[in-house]
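Asker: predicted model follows, preceded by the sequence.
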Protein chains: 2
Amino acid sequence: MTEPVEFSLSCPIPQADYERILLAHGGGGRLMHELIERTIVPAFRNPFLDVRHDSAVCTVGGARFAFTTDGYVVRPLFFPGGDIGTLAVNGTVNDLAMCGARPLYLSASFILEEGLRVETLQQILASMRGAADAAGVQIVTGDTKVVDRGKGDGIFITTAGVGCIEHALAITPTSVRPGDSVLLSGDIGRHGMAIMAVREGLEFETTIQSDCAPLAGLVADLLSAGVAIHCLRDLTRGGLASALIEIAEAAKVHIHIREVAVPVGEEVRGACEILGFDPLYVANEGRLVCFVPAADGERALRIMQAHPLGKDAAIIGGALQNAARLVTLESQIGATRIVDMLSGEQLPRIC
Amino acid sequence: MTEPVEFSLSCPIPQADYERILLAHGGGGRLMHELIERTIVPAFRNPFLDVRHDSAVCTVGGARFAFTTDGYVVRPLFFPGGDIGTLAVNGTVNDLAMCGARPLYLSASFILEEGLRVETLQQILASMRGAADAAGVQIVTGDTKVVDRGKGDGIFITTAGVGCIEHALAITPTSVRPGDSVLLSGDIGRHGMAIMAVREGLEFETTIQSDCAPLAGLVADLLSAGVAIHCLRDLTRGGLASALIEIAEAAKVHIHIREVAVPVGEEVRGACEILGFDPLYVANEGRLVCFVPAADGERALRIMQAHPLGKDAAIIGGALQNAARLVTLESQIGATRIVDMLSGEQLPRIC
């Protein structure tokens, strides 16, 4: 690992039009981050939101549990490797798992557009049931609203989830310490490029399947082996780059990764080149990063590699002591550059 | 109370176009009921959903808690007495309270349409914070998605909620027993008619304010006084009539109410006459019905009347032993008629 050096932000943040919401406010980049930090979090300000984690860790009757929600607006509704239903279940399961919680119960709220085919709804419901069974969760409560034609887009799904926390660890960005190893659970960019291949009509040239999958089992294996996990984060909108930048900012550390260690499939790499995307920023729906003390790194890696969803896991870098809270990447040719958060988004409505 | 007589359904259910979702599938009437019963519940089938309650009652680490969700798509976003933000908080607080749970934590998921004014979002967030503070809950986790212009309608909000259950009662439709008294917490029809008055341009002729309010305090008063509550239900889409019909079906009882006992404000009655609505079916957002053993009826009534949100509470009828699981109403002139579930809806996008 190279020693930290002084950097300044290479790309200033463009001034946003803050009068109105832009599509880019949903993209997982700097604009979304600012909208959340400047508008939403201050309105609700409380210690739970201050943690800036995928789930809130709450207590009911003395029991610790994780609580989370996500809305899903993906287009197209069906894509190679999944659909909006599998996404809505796995996404919320994964947000719970990122606290080290065992996902138990999900809610499902549907906003249907007038004219949606009931058969389409049934297919999506069957996918949700299948994904819930695979993840070992139950969909226990729900709601259905219908909006007029042209005021929605087929179907939007919002799931919320509750999971129990059965360990004493504080798995959160602020637990990351200089010296920690950063593990990545598999190859990146598959979900985003599977969606883009369909949108751009490349689906006959590639067979990229979304990585959409529930990560709770992988996390449970690490926990039951006693790995002292400091932080977990699933790589959704904004990809690996945005996840690491958010963790570096919250943990007040410098994170350095080696590009050569980050697995990217050949087809994803090819599709990214054709469409002009950087795999570091492309959305995933079944990949996580895990921060552990360096002493636990190799053992954690072997545990991840023994799980079907972690077989391509790798140690991609580590956390360093540095006043600059940023992410740097050593490229394949040995140069080091700052990994900056994108302003808007690469991929609208990817989840 | 009159003796039960034999009835047949006076109004056959029209055949629905089940190929596609209709706006009426969201209205709280028979069509929505059928969509949920035939399509959604069978897909997810589990004992929690079989209870058909506003919230699921779950267990984490030995603690009993209630878990619920609701989506909000109301038009207009702002109306006399509230906005989509107050609705999104109070609606979920009320669903928790209907299990006798003490609401604790809420999630908030936003689907924003490109072009929404940020100032509008800020106003709604401030309303949510105010409503959360008033109800004693915290908004602890959230999500934000943006959809392209013309694929949403300004803002949709889905909240989920978790509350703790600190009593041993089974507050659920199946606990209703013949002989129970039915209490109504106040005058009906205000939310629906406040919205309709704005839509129809009647807002300068009337000053109808939505009844949007958190009902958890009223329920807590009943519980702490030791009232043996059998069932609670807040009167949202479909109004008092639909709530009672759903309870009669789930509890397998006949519910009989007296029209003269049901409080309806003069302005609501007038607006209903102008617009052709029956107040029994109009949506409320701060009213509940409560089923208690007849012996507890008068005491429960006094407790409700002592609370600001229950000052106009009344005993409106009771549950009877009868093979026919229906709701009957003794009209002001003494005639008895069946209260039937509407097929579609009176009021699209009322919440």
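Answerer: On my side now, so go ahead.

Asker: how near is the residue of the stretch 251-351 of chain A found nearest chain B to residue A:71?
Answerer: Chain B sits closest to residue A:349 of the stretch 251-351 of chain A, with a gap of 6.6 Å, by C-beta to the nearest C-beta. Every C-beta, even on glycine, is put in place using the N, C-alpha and C of the backbone. Remark: distance between residue A:349 and residue A:71 (C-beta to C-beta, to the nearest Å) = 11 Å.

Asker: burial of the nearest residue to residue A:343 once chain neighbours are set aside, as a residue count?
Answerer: Distances taken as C-beta to C-beta, 6 or more residues apart in numbering or on different chains put residue A:30 closest to residue A:343, at 4.9 Å, once the chain neighbours are dropped. Using other C-beta atoms under 10 Å in any protein chain shown, residue A:30 has 22 other residues around it.

Asker: hmm, residue A:281 and residue A:30 touching each other?
Answerer: No. With contact defined as C-beta atoms under 8 Å, residue A:30 does not count as touching residue A:281 (11.6 Å).

Asker: any residues in contact with both of those two?
Answerer: Jointly contacting residue A:30 and residue A:281 under the rule C-beta atoms under 8 Å, 6 or more residues apart in numbering or on different chains are residue A:342.

Asker: got a list of contacts for the lowest-mean-pLDDT helix or strand in chain A?
Answerer: Least confident helix or strand of chain A, by mean pLDDT, DSSP states H and E, is helix A:47-50 with a mean of 85. Outside helix A:47-50, the residues that touch it by C-beta under 8 Å, 6+ apart are A:41, A:56, A:57, A:58, B:105, B:138, B:139, B:140, B:141, B:142.

Asker: tell me the bridge partners for the third one.
Answerer: In this entry, residue A:57 is beta-bridged to residue A:66, by DSSP bridges.

Asker: pLDDT wise, what is it at?
Answerer: Reported pLDDT at residue A:57 in the predicted model: 92.

Asker: wait, isn't it in contact with residue A:165?
Answerer: Yes. Applying C-beta under 8 Å, one finds residue A:57 in contact with residue A:165, separated by 6.5 Å.

Asker: what's around the nearest residue to residue A:56 once chain neighbours are set aside, how many residues?
Answerer: Nearest residue to residue A:56, sequence neighbours excluded (C-beta to C-beta, 6+ apart): residue B:140, at 3.7 Å. If you count neighbours by other C-beta under 10 Å, residue B:140 ends up with 25.

Asker: correct me if wrong, but residue B:140 is in a helix.
Answerer: No. Using DSSP: H, G, I helix; E, B strand; the rest coil, the secondary structure at residue B:140 is strand, not a helix.

Asker: hey, what's in contact with both of residue A:349 and residue A:71?
Answerer: residue B:145.

Asker: higher neighbour count, these two?
Answerer: The residue with more neighbours, out of residue A:349 and residue A:71, is residue A:71; 29 against 22, by other C-beta under 10 Å.

Asker: tell me the contacts of the more buried one?
Answerer: Here residue A:71 is in contact with A:156, A:157, A:158, B:109, B:110, B:111, B:143, B:144, B:145, B:158 (C-beta under 8 Å, 6+ apart).

Asker: which ones among those are found in strands?
Answerer: A:156, A:157, A:158, B:109, B:110, B:111, B:143, B:144, B:145, B:158 (DSSP state E).

Asker: quick check: the two most widely separated of those residues?
Answerer: A:157 and B:144 (15.2 Å; C-beta to C-beta).

Asker: ok, those two, which is more surrounded?
Answerer: residue A:157 (29 against 20).

Asker: wait, what's in contact with the nearest residue to the more buried one once chain neighbours are set aside?
Answerer: Nearest residue to residue A:157, sequence neighbours excluded (C-beta to C-beta, 6+ apart): residue A:88, at 4.2 Å. Applying C-beta under 8 Å, 6+ apart to residue A:88 gives the contacts A:70, A:72, A:108, A:128, A:157, A:158, A:159.

Asker: same question, residue A:303
Answerer: Contacts of residue A:303 (C-beta under 8 Å, 6+ apart): A:221, A:222, A:225, A:227, A:310.

Asker: got a winner among the contacts of helix A:47-50 for most neighbours?
Answerer: Going by other C-beta under 10 Å, residue B:141 tops the contacts of helix A:47-50 with 29 neighbours.

Asker: tell me the helix or strand right after whichever strand or helix holds residue A:191.
Answerer: Here residue A:191, judged by DSSP states H and E, is contained in helix A:190-199. Using DSSP H and E, the helix or strand that follows helix A:190-199 in sequence is helix A:216-224.

Asker: the very next helix or strand once past that following helix and chain B in contact?
Answerer: Next helix or strand after helix A:216-224 toward the C-terminus (DSSP H and E): strand A:231-234. No. Using C-beta under 8 Å from any C-beta of the partner chain, we find that strand A:231-234 stays clear of chain B, coming within 13.2 Å at best.

Asker: who does strand A:231-234 pair up with?
Answerer: Strand pairing for strand A:231-234, determined by DSSP bridges: strand A:288-292 (antiparallel).

Asker: okay, the strand it pairs with in PDB with CA atoms only?
Answerer: Provided in PDB are the C-alpha atoms of strand A:288-292 (Å, rounded to 0.1, in the frame of the first residue of the first chain):
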ATOM      1  CA  LEU A 288     -20.600  -5.500  -0.600                       C
ATOM      2  CA  VAL A 289     -17.500  -4.000   0.800                       C
ATOM      3  CA  CYS A 290     -16.400  -5.100   4.300                       C
ATOM      4  CA  PHE A 291     -13.900  -3.300   6.500                       C
ATOM      5  CA  VAL A 292     -12.100  -5.600   9.100                       C
END
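
Asker: and the next element down the chain from that strand?
Answerer: For strand A:288-292, the following helix or strand on the C-terminal side (DSSP H and E) is helix A:294-305.

Asker: neighbouring contacts of the next helix or strand after that following helix?
Answerer: Scanning forward in sequence from helix A:294-305 by DSSP H and E, the next helix or strand is strand A:314-320. Outside strand A:314-320, the residues within contact range by C-beta under 8 Å, 6+ apart are A:1, A:4, A:176-184, A:248, A:251, A:253-258, A:261-263, A:289, A:291, A:294, A:297-298, A:301.

Asker: narrow these to those that are buried.
Answerer: Those of the contacts of strand A:314-320 that meet the buried threshold are A:4, A:176, A:178, A:180-184, A:248, A:251, A:253-258, A:262-263, A:289, A:291, A:297, A:301, by 16 or more other C-beta atoms under 10 Å in any protein chain shown.
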